[in-house]
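[1] Build the 3D model from these lines:
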Amino acid sequence: MSGMAISPIPRRFLPTLLALTMLAPSPLVAQGTHADYARADSLSATVRGLVVDAAEDPSWMEGTHRFWYRKSVRGGNQFVLVNADSAMKRPAFDHERLAASLNAARSDTLTSISLPFRTFSYLDGEAAIAFSLADSTWRCDLSGYACENRGPARGRRFFDRGYPWQAGPGQRWRIQMDEPLVSPDSTVEAFIQNYNVAV
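    Model (predicted):
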């Protein structure tokens, strides 16, 4: 066999050879191990607090040119109130006083950046706020910062107003689940967190 020359592949066969190479079966790759899924699941806790000043969706205050939004700060979140006419921003309420009041009412250890709700409503001409916490509705006065549990939160039924998602011009589909939904046996709650269902 020595002395036998191997001739190069003619150019006209290269596209066929390339196509055959691409069609050849490749080894199957597993989806991932339990450790891979555990590592992916811990990503949120790993990066929490690293991104700051990321604003969530604004909530417009009816009949005004003002809105509030929740934003990330180092180690947690805070709420900001914005006047769209003057472009003035300020805290939506006194976060430290609200945390202290909730701590007293619930025997909790909240801080100004770890308030346990994502959304709220102003009441009585912005003299108070209301929000859902666990399975209860809370009302906090914004002058003395007295907070009281107003009883069970009204369950949010999926089909009260059509489908449980909304989309308008230029919007992507979005599940409308701001508050947790309690299971029929009251043992777990489900809610939307970062476009995923969390239990």
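
[2] The one helix or strand Leu14 maps to: how far from the chain's middle?
    Here Leu14 sits within helix 14-23, counting by DSSP states H and E. The gap between where helix 14-23 is centred and where its chain is centred comes out at 46 Å by C-alpha atoms, centre = their mean, to the nearest Å.

[3] okay, now the residue lying closest to Phe93 once chain neighbours are set aside: neighbour count?
    Sequence neighbours aside, Leu142 is the residue nearest to Phe93 in space, at 5.6 Å (criterion: C-beta to C-beta, 6 or more residues apart in numbering). Backbone N, C-alpha and C define where each C-beta goes, glycine included. Leu142: 18 surrounding residues under other C-beta atoms under 10 Å.

[4] from memory Leu142 sits against Ala92, does it?
    No - Leu142 is beyond contact range of Ala92, at 9.5 Å (criterion: C-beta atoms under 8 Å).

[5] which residues touch the spatially closest residue to Arg97 that is not a sequence neighbour?
    Take Arg97 and drop its neighbours on the chain: the residue closest to it by C-beta to C-beta, 6+ apart is Tyr145, 4.2 Å away. The contact partners of Tyr145, by C-beta atoms under 8 Å, 6 or more residues apart in numbering, come to 94, 97-98, 100-101.

[6] The same query, at a cut-off of 6 Å, please.
    Each residue near Tyr145 by C-beta atoms under 6 Å, 6 or more residues apart in numbering is listed here: 97-98, 101.
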